[in-house]
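**Q** Attaching a predicted model along with its sequence, questions to come.
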Amino acid sequence: MQRPLSPFMFPTWYRFQITSTLSILHRLTGIALSAGSILLAWWLVAVAAGGQLFAATHAFIASPIGMLLLFLWSVAFFYHLCSGIRHLAWDAGYGFEIRNAYRSGYAVLAATALLTVLTWLYVGLA
Amino acid sequence: MADVRSLANSTALRDESALRRVQHLGSARDGLREWRVQRWTAVALIPLGLYFAASVLRLATSDHMTATAWLASPVGALLVMLFVLAGLAHALVGLRSVLLDYVHTRARLFVGELLVRAGTVILAGASVLAILKLFLGR
């Protein structure tokens, strides 16, 4: 039993491939970003309300936990963006060959890392 | 696969012909509309999302004046509102498809859909109200 085929056997027997892993990650980051939209709406309301609410929200975002959440949000966002463009290409009928699917998968990971790093460099400099 | 290849032919009226084929033969009753909403919002979210991510990560830790000025400016207010609405419409379709895949009891599915729909509408309403207040009150 070198490589059982069913994902239901993870994590003990199932060997992950980049294709299935990225597919699962697309869903997980989508769910995470949906949860993040609660914080986004909260932040918008806090800016509109001002005063005590904004001060408390601002203190939370600037705290280590807040900055970590912000960083994780950016990673999830850029991954979902790049992976989503890959899905749109598939929807249009491009890139189904296994070799191309693997290549675009690695390209998505590289682009995610690049965009995340560039964004935080931009944030740090601004 | 032959059909897929013909879809990639840019000289064909591919969307129209694909739509006709799905409506005529596919299992699509109301799912097709959602599929298209998900794709159109995805396309819109590419530029909107890049603008929003670049702006919000820079402004998230800024003071109240800076954040207010951003959301009160016409371009900022419009683009953030469009981002929130497109994002939540996109999220609604995505979350519903997750529920449909993993929730197999009718009652639980109903409750799940209700929560997801209500949550999305409330978040959209709160975000739009907040942006409108800042934009109109500047």
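**A** Happy to help now that I have it. Residues are numbered from 1 along each chain as shown, chains lettered A, B, ... in the order given.
**Q** in which helix or strand would I find the residue nearest the centre of chain B?
**A** With distances taken as CA atoms, centre = their mean, the residue of chain B nearest its centroid is B:His90 (2.7 Å). When secondary structure is defined using DSSP states H and E, the element that contains B:His90 is helix B:74-102.
**Q** Which strands or helices does the helix or strand immediately after that helix in the chain pack on?
**A** Scanning forward in sequence from helix B:74-102, with DSSP H and E defining helices and strands, the next element found is helix B:106-136. Judged by 3 or more CB pairs under 8 Å, 6 or more residues apart in numbering or on different chains; DSSP states H and E, the packing partners of helix B:106-136 are helix A:18-49, helix B:64-72, helix B:74-102. The C-beta positions use only the backbone N, C-alpha and C, and glycine is treated the same way.
**Q** For A:Thr57, which three-state class applies?
**A** Here A:Thr57 is helix, with the state taken from DSSP: H, G, I helix; E, B strand; the rest coil.
**Q** so the helix or strand containing B:Phe52 versus helix B:64-72, what angle?
**A** Secondary structure assigned from DSSP H and E places B:Phe52 in helix B:31-59. Between helix B:31-59 and helix B:64-72, the angle formed by their directions is 150 degrees, by axes from the mean of the first three to the mean of the last three CA atoms, to 10 degrees.
**Q** what's in contact with stretch A:47-54?
**A** The contact list for stretch A:47-54, computed with CB atoms under 8 Å, 6 or more residues apart in numbering or on different chains, reads A:Val45, A:Ala46, B:His64, B:Ala67, B:Thr68, B:Leu71, B:Leu129, B:Ala130, B:Ile131, B:Lys133, B:Leu134.
**Q** quick one: contacts for the last one?
**A** Put plainly, it is B:Leu134. For B:Leu134, the set of contacting residues under the criterion of CB under 8 Å, 6+ apart consists of A:Val47, A:Ala48, B:Thr68, B:Leu71, B:Ala72, B:Ala77.
**Q** quick revisit: buried ones in the helix holding B:His90?
**A** Burial within helix B:74-102, assessed by neighbour count using 16 or more other CB atoms under 10 Å in any protein chain shown, is assigned to B:76-77, B:79-99.
**Q** next one: stretch A:23-35
**A** By 16+ other CB under 10 Å, the buried positions in stretch A:23-35 come out as A:Leu25, A:His26, A:Thr29, A:Gly30, A:Ala32, A:Leu33, A:Ser34.
**Q** wait, does that stretch make contact with chain B?
**A** Yes - if you take CB under 8 Å from any CB of the partner chain as the test, stretch A:23-35 does meet chain B, through A:Arg27, A:Gly30, A:Ile31, A:Leu33, A:Ser34.
**Q** Quickly find the element holding the residue nearest the centre of chain A.
**A** Note on chain A: the residue nearest the mean C-alpha position is A:Ala76, at 1.6 Å, using CA atoms, centre = their mean. For A:Ala76, the enclosing helix or strand under DSSP H and E is helix A:64-91.
**Q** burial of the residue lying closest to B:Met81 once chain neighbours are set aside, as a residue count?
**A** Closest residue to B:Met81 in three dimensions, ignoring its sequence neighbours and counting by CB to CB, 6 or more residues apart in numbering or on different chains: B:Ile131, at 5.2 Å. By the criterion of other CB atoms under 10 Å in any protein chain shown, B:Ile131 has 22 neighbours.
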